[in-house]
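**Student:** Fold the following for me, if possible:
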Amino acid sequence: MGTVAEAWIEQGRAEGIEKGREEGRAEALVGFLLRHLELRFRDVPGPVRDRVRGASIAQLEAWAEAVLTAARLNEVMATGTRR
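**Tutor:** Numbering: from 1, shown residues only. A predicted model of the protein is given here:
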């Protein structure tokens, strides 16, 4: 049986791994979305790029869905989370 300190270390390690996964997922979604916005609308202004980079995963997912059908960039960015 491990010590309390070992249990805390293991818990911290597990939490760190999970946080890393979420951060990696967010980075991948940001890259995906920015690329698709560029392909669809060509010019993606700096403020929009900044907003995408600072968004939650849920918001990124909502925009990623909206980019498939929106006619204009502002329509994508006006989309709220669906969760």
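
**Student:** Nearest spatial neighbour of the residue nearest the centre of the chain, chain-adjacent residues omitted?
**Tutor:** Taking Cα atoms, centre = their mean as the criterion, Ala26 is the residue nearest the geometric centre of the chain, at 3.2 Å. Using Cβ to Cβ, 6 or more residues apart in numbering and skipping the chain neighbours, the partner closest in space to Ala26 is Ile57 (5.5 Å). From N, CA and C alone the C-beta is placed, and that goes for glycine too.

**Student:** That neighbour is in contact with Arg25, isn't it?
**Tutor:** Yes. Ile57 lies in contact with Arg25 (Cβ atoms under 8 Å); the separation is 6.4 Å.

**Student:** quick check, distance from the one helix or strand Pro47 maps to to the centre of its chain.
**Tutor:** For Pro47, the element it lies in under DSSP states H and E is helix 46-53. The chain centroid and the centroid of helix 46-53 are separated by 12 Å under Cα atoms, centre = their mean, to the nearest Å.

**Student:** Mind listing what's buried along that helix?
**Tutor:** Val48, Val52 (16 or more other Cβ atoms under 10 Å).

**Student:** any idea how far Ala62 is from Val30?
**Tutor:** Distance from Val30 to Ala62, counting by Cβ to Cβ, to the nearest Å: 14 Å.

**Student:** actually His36, not the one I wrote
**Tutor:** 13 Å.

**Student:** Chain neighbours aside, what residue packs nearest to Phe41?
**Tutor:** Per Cβ to Cβ, 6+ apart, closest to Phe41 is Leu73, 4.5 Å.
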